[in-house]
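Peer 1: structure for this input, please:
(chains A, B, C, D and E)
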Amino acid sequence: MLRARVVGNVWATRRLAEIPNGAFLEVEADGGGRLVAFDVLGTGIGEHVLVATGSVAASWFQTSGGPSSANRPAPPIDALVIGSIDEPPADDLP
Amino acid sequence: MLRARVVGNVWATRRLAEIPNGAFLEVEADGGGRLVAFDVLGTGIGEHVLVATGSVAASWFQTSGGPSSANRPAPPIDALVIGSIDEPPADDLP
Amino acid sequence: MLRARVVGNVWATRRLAEIPNGAFLEVEADGGGRLVAFDVLGTGIGEHVLVATGSVAASWFQTSGGPSSANRPAPPIDALVIGSIDEPPADDLP
Amino acid sequence: MLRARVVGNVWATRRLAEIPNGAFLEVEADGGGRLVAFDVLGTGIGEHVLVATGSVAASWFQTSGGPSSANRPAPPIDALVIGSIDEPPADDLP
Amino acid sequence: MLRARVVGNVWATRRLAEIPNGAFLEVEADGGGRLVAFDVLGTGIGEHVLVATGSVAASWFQTSGGPSSANRPAPPIDALVIGSIDEPPADDLP
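Peer 2: Model (predicted):
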């Protein structure tokens, strides 16, 4: 997974019909480089997140409802926000 | 996904028979680097797009018709235009 | 696989429900670059590890219990610590 | 997909038995970098090609004969020449 | 596939139980960069090899015994030596 910070939203009204509900977020990876990740957690701009890339991002949509949904089509999504990184408590800060 | 701008068409008359209907577009990723993505949306040169890479690009062709088509062969395509990025309204421009 | 050294833990309390039991470890790859890998081996900070990336990391969770678990959903995990690299015996050190 | 130019053949007599009929071609990607792609089109040295990478290269071998062959094993091939790029007509050249 | 040269062995006694019989080899890719590939061919240090990366490396273990083994679990292996590159005959050398 990549550590990244959300830097903006991306809107694409004209798109493939198979894209699920959620948001496209532009994120900047720690160490540099930007990509667009899909988000279903309601993540906001400025949050630090974990992003999984590749086919596991799409597979999540097939299996997130449990085994009974295993034949759901996989959407054409190759990056997914899987969690929001906890902020350190204030007394850990320099 | 990558943000990219379409910079040209690529034609390959001699090719594997399993390549579906659509266009090969050369795109330039934001941040640099070029790749060739497959397009089924009728995207034109100069448009800004979202490109998904890897096996999810091929899987889309298997499942785009819904669950009944789940056994359709996956084409040898590793990059797909999944949407056209909305242009900002004029008063957002500098 | 990548050779890497564990440099820290990453905590993400708000995350997708499908993430299994285990730890997110930040690792630094030999040759540079950091990523976050999932760990089920109880690996500690400072250990040198082998990290597998991509969909094989997720597939392991589907099949680790043997063939009977082959329909378990794959979690959205794209990097997995698969082993801890043996330290050389003391008399191999300079 | 990558645009690339074929720069040579690679021979590997001792190899896994599951590698199918075809040729290993060394290709140089536009923008730099070399990789070895598998070819079933009879592509020659100097030709410009489109190369698909990742698991879609292997999947093609499973499905190229149509749905009836869907259970054929996937070979350990991660890059495949999927087409030969058309040369521009002479009057487009500078 | 990558062209690479085997530069050493990597030992990991404490590791996931699903890793099959074979060796972890550290390889240096032509053009630079190192990774660890799994080897089942008995490849030695100094040999030049072809390495396939990504999920096709794991899939090979599922299907190498033929279709009857198609439900074997895929190991968490993301790089595999698929062949040893033939040395050029002596009179091709400079």
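
Peer 1: now do the worst-scoring helix or strand of chain A on mean pLDDT: distance to the chain's middle.
Peer 2: Sorted by mean pLDDT, DSSP states H and E, the helices and strands of chain A end with helix A:55-63, the least confident at a mean of 92. Taking the mean of its C-alpha atoms, helix A:55-63 sits 12 Å from the chain's own mean (Cα atoms, centre = their mean, to the nearest Å).

Peer 1: quick one: that helix to helix E:55-63, angle?
Peer 2: Comparing the axes of helix A:55-63 and helix E:55-63 via axes from the mean of the first three to the mean of the last three Cα atoms, to 10 degrees yields an angle of 60 degrees.

Peer 1: which residues sit against helix A:55-63?
Peer 2: Helix A:55-63 is contacted from outside by A:20, A:37-38, A:52, A:69-80, A:82, B:54-56, B:59, C:16, C:18, C:54-55, C:57-58, C:73-78, D:55, E:55, using Cβ atoms under 8 Å, 6 or more residues apart in numbering or on different chains. The way it works is simple: take the backbone N, C-alpha and C, and place the C-beta from them, glycine included.

Peer 1: which of the residues you listed count as buried?
Peer 2: A:37-38, A:52, A:72-80, A:82, B:54-56, B:59, C:16, C:18, C:54-55, C:57-58, C:73-78, D:55, E:55 (16 or more other Cβ atoms under 10 Å in any protein chain shown).

Peer 1: how close does A:Gly22 sit to E:Thr13?
Peer 2: Here the distance between A:Gly22 and E:Thr13 works out to 43 Å (Cβ to Cβ, to the nearest Å).

Peer 1: show the contacting residues for the residue nearest the centre of chain A.
Peer 2: By Cα atoms, centre = their mean, the mean C-alpha position of chain A lies nearest to A:Val81, the distance being 2.2 Å. Neighbour list for A:Val81: A:Leu25, A:Val27, A:Ala37, A:Phe38, A:Asp39, A:Val40, A:Leu41, A:Thr43, A:Val49, A:Leu50, A:Val51 [criterion: Cβ under 8 Å, 6+ apart].

Peer 1: part of a helix, is it?
Peer 2: No. Judged by DSSP: H, G, I helix; E, B strand; the rest coil, A:Val81 forms no part of a helix; its state is strand.

Peer 1: is A:Phe24 in a bridge, and if so with what?
Peer 2: A:Val10, A:Phe38 (DSSP bridges).

Peer 1: tell me, how many residues neighbour it?
Peer 2: If you count neighbours by other Cβ atoms under 10 Å in any protein chain shown, A:Phe24 ends up with 23.

Peer 1: so if I had to pick from A:Gly22 and E:Thr13, which one is more boxed in?
Peer 2: For A:Gly22 versus E:Thr13, neighbours defined as other Cβ under 10 Å are more numerous around A:Gly22 (17 against 8).

Peer 1: and A:Pro88, what's its pLDDT?
Peer 2: According to the model's per-residue confidence, A:Pro88 sits at a pLDDT of 73.

Peer 1: can you check A:Thr43 too?
Peer 2: 98.

Peer 1: quick one: the residue of chain A found nearest chain E from C:Ala58, how far?
Peer 2: Ranking the residues of chain A by distance to chain E (Cβ to the nearest Cβ) places A:Ser55 first, at 7.7 Å. Computed with Cβ to Cβ, the distance linking A:Ser55 and C:Ala58 is 8 Å.

Peer 1: which bits of chain A sit near chain E?
Peer 2: By the rule Cβ under 8 Å from any Cβ of the partner chain, the part of chain A lying against chain E is A:Ser55.
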